[in-house]
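Student: Quick check, what structure comes out for this input:
(2 chains)
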Protein chains: 2
Amino acid sequence: MAELLKAKPVVKEIYTQLVHDITRLRRHPVLEIILIGDNAAAEWYVSNLIKNGTKYGIDVKLRQISYTIDQTELENLIRECNQDAGIDGIMLQKPLPDHLDEQVINSLIKPEKDVDGFHPLNLGKLVLEQPSLLPCTPQAVIALLKFYKIETAGKHIVILGRSNIVGKPLGLLLLGKAEPGNATVTICHSRTTDLALYTRQADILIAAIGKPEFVKAGMIKKNAVIIDVGTNLITDVNGTDKYVGDVDAEAVINLASALSPVPGGVGSVTTALLLANVVKAAFLKTKK
Amino acid sequence: MAELLKAKPVVKEIYTQLVHDITRLRRHPVLEIILIGDNAAAEWYVSNLIKNGTKYGIDVKLRQISYTIDQTELENLIRECNQDAGIDGIMLQKPLPDHLDEQVINSLIKPEKDVDGFHPLNLGKLVLEQPSLLPCTPQAVIALLKFYKIETAGKHIVILGRSNIVGKPLGLLLLGKAEPGNATVTICHSRTTDLALYTRQADILIAAIGKPEFVKAGMIKKNAVIIDVGTNLITDVNGTDKYVGDVDAEAVINLASALSPVPGGVGSVTTALLLANVVKAAFLKTKK
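Tutor: Prediction:
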């Protein structure tokens, strides 16, 4: 049966480091969260950030704003946060309402305060393997692989999904020379023909496509490591709502050598790494 | 026998478009080339840029500088070129002498004048599929695929080489949604184990590793399309110096369905695209 790559000890390690770093910093870093509207899932995620942030020494300021905010108002708000010396990191909770241009806003956030790592300058530094604020979900996958000592060098890693925030940056990180990296990387997506042809070759398979329980036993190689990035809300046969990943965990658990659970896997590490990015941003400001 | 994907008609088309664009621009764009030292290959490449630039309507200014220039002097020179409203594009000929920090210099060139497409902001925009100045060699591969109507959507493209200026940006472009793109992309490199396992699966194989005639017949699939990015100077059995690619052309020509020749393939298209980037940079300035 597959070893479960649980977030808990990884998260513990991240928070221990974070507390240590804040002590060195000798002040509380400040995270500004901008939350538009009142989506329940977003509010839940944000409340988690606030709880953990304050617990470990980060001051979190929440600005919850009405859906009716327009592009210019939001841009002005971002500019205000960029200029505010009291703010180390800015997080704009996604998704944005349709009338707002997410790409423009992402590019407007000061790269040094961009704790989501979505600014093109930070993504470009990622391509070049230069230090930068990295997007949190790819970082979370890296953290899991590192913590559980899963060798990546020379391995074939197949990523399902080519998104700008997961698939592409993760592929670049795993291709890079820092450990864990040096992998042979294949990226598959909706236009890939005969998907299983690739997934069955993966030493490490990473699913990030947002399709509930999509990866079945027939799609993986025996003893593969499976990292499940998906978090999909479904209603099970008993009518109960629950979160499942992109991998059919029950189907693959006896075939894989390791599997990251959902919930309690990649997603949980992501929250901790967002807070770690706030501390990193605070150090960037101090160094200036 | 493989169809030869010759640069000539592609280059002709690029220059026709370039002349058309310069007419619309109603002025001659200006390219500033900074050449450090007197490397023969670099001088030959630069003289080609000057010849073609002036032929098609671009004013090329060459600054040839001694090897003794230090980092601060070079940085000051770049800042001067950034501020000079008379310069549309800045090209710093590579490689730089060892005492100069190439990454720092690449990041210092104003992104709107970065005709090499090496600035992290331009690479980040490439990740996000936003318009930007793209690096020329990846663009040249895309131009060849497009001109010769080679389908990429759903195809398995294997890239040999993970460099910041070819392998990674090219992989990102081919993964993107613009045509030619939508491919399933695998990137292999020096740490890949059993390279032929991957190359033999490629519908399109792109070699960019700088190893003369490395790709042999046993490494490719019948009817694959082979794009050769390499330009390696070797001395043949008769003692004659000549340029060869990363692919053993003679060995694969009867197996592949198409092959880009060296010389007269990717490299020749690259020069034309650098000049096209100068025109693009001029339009970026005009729009501001």
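Student: So A:I187 versus chain B, what's the distance?
Tutor: Distance of A:I187 to chain B, computed by C-beta to the nearest C-beta, to the nearest Å: 5 Å. C-beta here means a position set from N, CA and C on the backbone, and glycine is covered the same way.
Student: what's the helix or strand for that residue?
Tutor: Element membership for A:I187, per DSSP states H and E: strand A:184-188.
Student: Spell out which residues of the stretch 51-200 of chain A are next to chain B.
Tutor: Listed as neighbours of chain B in the stretch 51-200 of chain A under the rule C-beta under 8 Å from any C-beta of the partner chain: A:103, A:119-130, A:153-154, A:162, A:164, A:168-169, A:171-172, A:175, A:182-189, A:191-193, A:198.
Student: who does the strand holding A:I187 pair up with?
Tutor: Here strand A:184-188 is paired, per DSSP bridges, with strand A:156-160 (parallel), strand B:184-188 (antiparallel).
Student: how about those, which one is nearest A:N238?
Tutor: Of all the strands paired with strand A:184-188, strand A:156-160 sits nearest to A:N238, with 28.6 Å by C-beta to C-beta.
Student: who touches the closest one?
Tutor: Strand A:156-160 is contacted by residues A:167, A:170-171, A:174, A:183-189, A:195, A:198-199, A:201-209, A:214-215, A:246 when judged by C-beta atoms under 8 Å, 6 or more residues apart in numbering or on different chains.
Student: Let me know the average pLDDT across the helix or strand just after it.
Tutor: Downstream of strand A:156-160, the first helix or strand assigned by DSSP H and E is helix A:167-175. Averaged across helix A:167-175, pLDDT comes to 98.
Student: Strand A:184-188 and helix A:167-175, what's the angle between them?
Tutor: Helix A:167-175 runs at 170 degrees relative to strand A:184-188, counting by axes from the mean of the first three to the mean of the last three C-alpha atoms, to 10 degrees.
Student: what about the strands in the stretch 151-288 of chain A?
Tutor: Secondary structure of the stretch 151-288 of chain A (DSSP state E, counting those that start in this stretch): strands at A:156-160, A:184-188, A:204-207, A:225-228, A:232-235, A:241-244, A:258-259.
Student: Which of the residues in the fifth one are classified as buried?
Tutor: Of the residues in strand A:232-235, A:N232 count as buried by neighbour count, 16 or more other C-beta atoms under 10 Å in any protein chain shown.
Student: quick one: contacts of it?
Tutor: Applying C-beta under 8 Å, 6+ apart, the contact partners of strand A:232-235 are A:A41, A:G210, A:K211, A:P212, A:E213, A:D241, A:K242, A:Y243, A:V244, A:G245, A:D246.
Student: Recalculate using a threshold of 6 Å.
Tutor: With contacts defined as C-beta atoms under 6 Å, 6 or more residues apart in numbering or on different chains, strand A:232-235 is touched by A:P212, A:D241, A:Y243, A:V244.
Student: now swap in the shortest one and tell me
Tutor: The set of residues that contact strand A:258-259 without belonging to it, under C-beta under 6 Å, 6+ apart, is A:A2, A:E3, A:L5, A:V225, A:I226.
Student: Sketch out the helices for chain A, chain order is fine.
Tutor: Using DSSP state H, the helices of chain A run over residues A:7-25, A:40-56, A:71-83, A:102-108, A:120-127, A:136-147, A:167-175, A:195-199, A:249-252, A:266-287.
Student: residues making contact with the fifth one?
Tutor: Counting by C-beta under 6 Å, 6+ apart, helix A:120-127 makes contact with A:107, A:111, A:114, A:132-133, A:169, A:172, B:120-121, B:123-125, B:127-128, B:168, all of which sit outside it.
Student: Now restrict these to buried residues only.
Tutor: Among these, the ones that count as buried (16+ other C-beta under 10 Å) are A:107, A:111, A:114, A:132-133, A:169, A:172, B:120-121, B:123-125, B:127-128, B:168.
Student: and of the residues you listed, the nearest to A:G265?
Tutor: Nearest to A:G265 among the buried ones among the contacts of helix A:120-127: A:P169, at 18.4 Å, using C-beta to C-beta.
Student: wait, doesn't that closest one sit right on A:Q139?
Tutor: No. Shown here, A:P169 and A:Q139 do not form a contact pair, counting by C-beta atoms under 6 Å, at 8.8 Å.
Student: hang on, the earlier thing: A:Q64: which of the helices of chain A is closest?
Tutor: Among those, if distance is taken as C-beta to C-beta, the winner is helix A:40-56, at 8.3 Å.
Student: What mean pLDDT does that closest one get?
Tutor: Averaged across helix A:40-56, the pLDDT comes to 93.
Student: Output that helix as PDB, nothing but the C-alphas.
Tutor: Only the C-alpha atoms of helix A:40-56 are listed here, as PDB (Å, rounded to 0.1, in the frame of the first residue of the first chain):
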ATOM      1  CA  ALA A  40     -17.900  30.800   1.200                       C
ATOM      2  CA  ALA A  41     -14.800  28.700   0.100                       C
ATOM      3  CA  ALA A  42     -12.700  31.900  -0.300                       C
ATOM      4  CA  GLU A  43     -13.800  33.100   3.100                       C
ATOM      5  CA  TRP A  44     -12.900  29.800   4.600                       C
ATOM      6  CA  TYR A  45      -9.400  29.800   3.000                       C
ATOM      7  CA  VAL A  46      -8.900  33.400   4.100                       C
ATOM      8  CA  SER A  47     -10.000  32.700   7.700                       C
ATOM      9  CA  ASN A  48      -7.400  29.900   7.800                       C
ATOM     10  CA  LEU A  49      -4.700  32.300   6.600                       C
ATOM     11  CA  ILE A  50      -5.700  34.800   9.300                       C
ATOM     12  CA  LYS A  51      -5.700  32.100  12.000                       C
ATOM     13  CA  ASN A  52      -2.300  30.600  11.100                       C
ATOM     14  CA  GLY A  53      -0.800  33.900  10.300                       C
ATOM     15  CA  THR A  54      -1.600  35.500  13.700                       C
ATOM     16  CA  LYS A  55      -0.700  32.200  15.500                       C
ATOM     17  CA  TYR A  56       2.800  32.200  14.100                       C
END
